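J.: Next one to model:
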Amino acid sequence: MTKTVKLAWGSVAVGLIVLAIKTLAWSMTGSVALLSDALESIVNVATAVAALLAVRWAARPADDDHPFGHHKAEYFSAVLEGVLIVIAAILILREAYAGFLDPQPLGQVWSGLGVNLSASVLNGVWCWVLLRQGRALRSPALVADGHHLLSDVISSVGVTLGVVAAILTGWFWLDPALAAIVAVNILWSGWKVIRSSVGGLMDESVPESDLAVMRELISANADGAVEAHDLRARHAGSATFVEFHLVVPGEMTVDEAHGICDRLELALQEEIHGATVTIHVEPDHKAKHTGIVVL
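T.: Take a look at the predicted model:
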């Protein structure tokens with residue numbers, strides 16, 4: 001079992017525990033805002049299961065039907081998570097509207113808030129773990145799950161403040177009002193998750209900062225070549241695909257050109273985790289004089 005899969009299993013376990021705690025907090029208080037928090041936790045469990053299935057599928061090696069691997073499976077999970085986040089927000093807005101129409105006094109508020117706070121602390125710790133490890137492992141599914149939990153933590157803080165304000169002021173309409181504000185924040189979070197994942201599915205280019213690093217590596221390790229041009233790169237889950245043209249002197253032997261390519265591949269793979277490098281070798285009359293200058 002890979003580290004990514006273990007983290008995905010951890011998300012499922014944490015999601016179930018948090019769901020149980022938040023459901024208890026809602027049953028103690030009758031708060032619409034705490035109900036919205038519990039509803040989002042149901043989605044947390046669903047997205048954790050989706051992330052688990054995705055990372056297990058993405059970890060499968062390349063085969064005849066998928067020669068480039070299964071890395072993009074994680075993006076499908078991340079898109080699904082974004083959609084589920086949006087659905088959770090809509091459900092919360094529905095409950096908030098019902099609360100506006102018929103605001104109710106709250107029950108065991110302070111003990112209920114204490115119970116809910118313990119769930120938020122657990123979510124916050126696991127969110128930090130997922131974001132840190134997900135970025136280190138280059139796992140879109142784990143990062144998306146971490147962002148989802150971050151929105152849950154933020155919403156839980158808002159819910160707590162709203163319930164406290166409703167108690168202190170006697171304005172019980174504040175309870176559903178905060179639930180509605182939380183829902184809007186969750187909608188925004190869901191949109192960002194969907195946007196980043198669709199970019200991966202559409203083979204969006206890596207950031208310019210990453211391309212700059214690649215240019216420097218190529219320039220410093222292509223001794224013997226004339227230039228490199230037409231560099232392009234994309235992420236696919238934990239993999240990074242890098243392609244460029246390498247111009248060499250026309251009289252250079254195939255063996256010499258191959259040696260330069262091996263050196264470049266090694267340099268890029270040492271610096272860029274999961275890099276797959278494709279180099280197209282060209283003779284010097286193909287030089288564009290606008291690409292990467294060899295040092």
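J.: Helices along the stretch 151-295 of the chain, start to end?
T.: 174-201, 208-221, 254-271 (DSSP state H, counting those that start in this stretch).
J.: Among the ones you listed, show the one with the smallest mean pLDDT.
T.: Sorting those by mean pLDDT places helix 174-201 lowest, at a mean of 74.
J.: How far does that one sit from its chain's centre?
T.: With CA atoms, centre = their mean, to the nearest Å as the basis, helix 174-201 stands 14 Å off its chain's centre.
J.: ok so, going back, most tightly packed of the helices of the stretch 151-295 of the chain?
T.: Each of the helices of the stretch 151-295 of the chain was assessed for mean neighbour count using mean count of other CB atoms under 10 Å. The highest is helix 174-201, with a mean of 20. From N, CA and C alone the C-beta is placed, and that goes for glycine too.
J.: correct me, but Ser118 touches Ala20?
T.: No. Here Ser118 lies out of contact with Ala20, judged by CB atoms under 8 Å, at a distance of 11.2 Å.
J.: what separates Glu256 from Leu53, distance-wise?
T.: Between Glu256 and Leu53 the distance is 47 Å, computed by CB to CB, to the nearest Å.
J.: Quick check: which of the helices of the stretch 151-295 of the chain is nearest to Thr240?
T.: Between Thr240 and these, the tightest spacing by CB to CB is seen for helix 208-221, at 8.0 Å.
J.: Report the backbone C-alpha coordinates of the closest one in CSV.
T.: Written as CSV, here are the backbone C-alpha positions of helix 208-221 (Å, rounded to 0.1, in the frame of the first residue of the first chain):
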residue,chain,number,x,y,z
GLU,A,208,6.1,29.5,-15.9
SER,A,209,8.3,29.2,-12.8
ASP,A,210,8.5,25.4,-13.5
LEU,A,211,9.3,26.0,-17.1
ALA,A,212,12.1,28.5,-16.1
VAL,A,213,13.7,25.7,-13.9
MET,A,214,13.5,23.3,-16.9
ARG,A,215,15.2,25.9,-19.2
GLU,A,216,18.0,26.4,-16.7
LEU,A,217,18.6,22.6,-16.3
ILE,A,218,18.6,22.1,-20.1
SER,A,219,21.0,25.0,-20.6
ALA,A,220,23.4,23.8,-18.0
ASN,A,221,23.4,20.1,-19.0
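J.: list the helices and strands it packs on?
T.: Judged by 3 or more CB pairs under 8 Å, 6 or more residues apart in numbering; DSSP states H and E, the packing partners of helix 208-221 are strand 227-236, helix 254-271, strand 292-293.
J.: go with 10 Å
T.: Applying 3 or more CB pairs under 10 Å, 6 or more residues apart in numbering; DSSP states H and E, we find helix 208-221 packed against strand 227-236, strand 239-248, helix 254-271, strand 275-283, strand 292-293.
J.: Strand 227-236 and that helix, what's the angle between them?
T.: Relative orientation of helix 208-221 with respect to strand 227-236: 140 degrees, computed using axes from the mean of the first three to the mean of the last three CA atoms, to 10 degrees.
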